[in-house]
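[1] Sequence plus predicted model, see below.
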Amino acid sequence: MSRRVALLAFVSLFVTAAHAADVEVQSPWVRGTVEGQKASGAFMTLTSAKGATLVGASVSKKIAGVTEVHEMKMDGDRMLMRAIPRLELPAGKPVALARGGYHIMLMDLKQPLKPGSSIDIELKIENAAKKIETVKVKAAVRDLTDNGGSRHEHHGHHH
Ligand SMILES: [Cu+2]
């Protein structure tokens, strides 16, 4: 009996380690804001090797009072946005959080998000073993008001 318990403990440790870095995050970025703007969105592509679920996201309360995972979709000719508690990440299939679709919504912003800076986002991921993991993401703030507009464009610095 005790041998069996020890074996199970070993197996579950191994599973936890195997899932530790299960979700890969690609090109995370945040839409920059101007003074007085209270909300913005964060975007990225998530790929889980073994299948996982995004169950939440957070940023420092000094940046945004509320952070939620949102879904955006057309309802007739209206664009609707709502908070979703879970976003499935099927094994091996990249899931894009992109403009007009899924996004991480930052609300009650405490200050403008300036292009050239970055913010830290923590993703709560439920892995295939049903364990919640935190995945830390550094998202660059990008100015997206420059598509044909007259605003000054900020060029990224390469290090
Ligand atoms: Cu939203």
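    Good, I have the coordinates. Numbers count the residues shown, from 1 in each chain.

[2] where in the protein is pLDDT low?
    When residues are selected by pLDDT under 70, those of the chain lie in 1-21, 145-159.

[3] hmm, 80 instead?
    Along the chain, the model assigns pLDDT under 80 to residues 1-21, 144-159.

[4] near the ion, which residues of it?
    70, 81, 105 (C-beta under 5 Å from the ion). Any C-beta I mention is one placed from the backbone N, CA and C, and that applies to glycine too.

[5] let's see it at 6 Å
    Within the chain, the residues that sit near the ion (C-beta under 6 Å from the ion) are 70, 81, 103, 105.

[6] Quick check: buried residues in the helix or strand hosting the second one?
    Think residue 81. For residue 81, the element it lies in under DSSP states H and E is strand 78-83. When burial is assessed from 16 or more other C-beta atoms under 10 Å, strand 78-83 yields no buried residues.

[7] Run the chain-centre distance for that strand.
    The chain centre lies 18 Å from the centre of strand 78-83; the measure is C-alpha atoms, centre = their mean, to the nearest Å.

[8] thinking again about what came up before, can you tell me which of the residues of the chain next to the ion lies closest to residue 95?
    Proximity of those to residue 95 (C-beta to C-beta) peaks at residue 103, which lies at 11.8 Å.
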